[in-house]
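Novice: mind folding the following:
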Amino acid sequence: MSTLPRLLVLTDRTQTVGRPLVEVVRIAVHGGARAVVLREKDLPTSERAALAAALRPHVEVLLVASDPTLTFDGGPADGVHLAAADPTPQPAPALVGRSCHDAGELDGARRQGCHYVTVSPAFSSRSKPGYGPALGIDALRGLVATAGVPVFALGGVTPTNAAACLEAGAHGVAVMGEVMRAADPASTVAALGRAIAGAGGEP
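Specialist: You can find the predicted model right below:
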């Protein structure tokens, strides 16, 4: 993969309103999603591996949260997305991202050679309400300016505010609940894609 897509979809099976996670992701991919981060970190390794194997045929770029060693039929994943406190894997996978929430974590991720970071919460978020006050666009712009690594705005991102994130300098946006909860995940992803394209990005 030469260029990171502008949209990352993060999974959360607890927000799919009773629908199978793989089906929700498949529909999101139909709407234009190219990159998916498999979370579900509470599951046993064997169940996460089964989910990864089920997602692999549908997803162009499949990342696994916090487990660079996860192996599965149809694998391996294309990379790993690390939590803020996760150790840096050695050897590093081909693609490494990390969750960041402030300038210090961004500096650490850059020094570790991460290929991208998520910065959150960009806006108020139903999915993770306990992650502190929303940054807002001005603070996001300030963090992006010094990040030195592609930034995906995460938390409360919708088709309405996605363009503002790119206009603030973010490489793209990362979305979880907005897609997982959507009655039609394909339509939501398509709307995010139009917002990204409207801000000059290529979804």
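Novice: what's the closest non-adjacent residue to R181?
Specialist: Distance criterion Cβ to Cβ, 6 or more residues apart in numbering; nearest residue to R181, sequence neighbours excluded, is Q15 at 5.1 Å. In this view, the C-beta of every residue, glycine as well, is placed from N, C-alpha and C.
Novice: now do R56
Specialist: Leaving aside its chain neighbours, R56 sits nearest to G74 (4.0 Å; criterion: Cβ to Cβ, 6+ apart).
Novice: report the contact partners of the one you found.
Specialist: The contact partners of G74, taken as Cβ atoms under 8 Å, 6 or more residues apart in numbering, are 52-53, 56-57.
Novice: report pLDDT for it.
Specialist: Looking at G74, its pLDDT is 80.
Novice: try S127
Specialist: We note a pLDDT of 69 for S127 in this prediction.
Novice: now do the helix or strand harbouring R26, average pLDDT.
Specialist: Using DSSP states H and E, R26 sits in helix 21-30. Helix 21-30 shows a mean pLDDT of 98.
Novice: packing partners of that helix?
Specialist: Judged by 3 or more Cβ pairs under 8 Å, 6 or more residues apart in numbering; DSSP states H and E, helix 21-30 is in contact with strand 35-38, helix 45-55, helix 177-180, helix 185-198.
Novice: what angle do helix 21-30 and the second one make with each other?
Specialist: With axes from the mean of the first three to the mean of the last three Cα atoms, to 10 degrees applied, the angle from helix 45-55 to helix 21-30 works out at 30 degrees.
Novice: convert the helix or strand that helix 45-55 is followed by to PDB, retaining C-alpha atoms only.
Specialist: As assigned by DSSP H and E, the chain's next helix or strand after helix 45-55 is strand 61-65. C-alpha atoms of strand 61-65 as PDB (Å, rounded to 0.1, in the frame of the first residue of the first chain):
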ATOM      1  CA  VAL A  61      -6.300  -2.900   4.300                       C
ATOM      2  CA  LEU A  62      -6.900  -4.900   7.500                       C
ATOM      3  CA  LEU A  63      -5.300  -3.700  10.700                       C
ATOM      4  CA  VAL A  64      -5.500  -5.500  14.100                       C
ATOM      5  CA  ALA A  65      -5.600  -3.500  17.300                       C
END
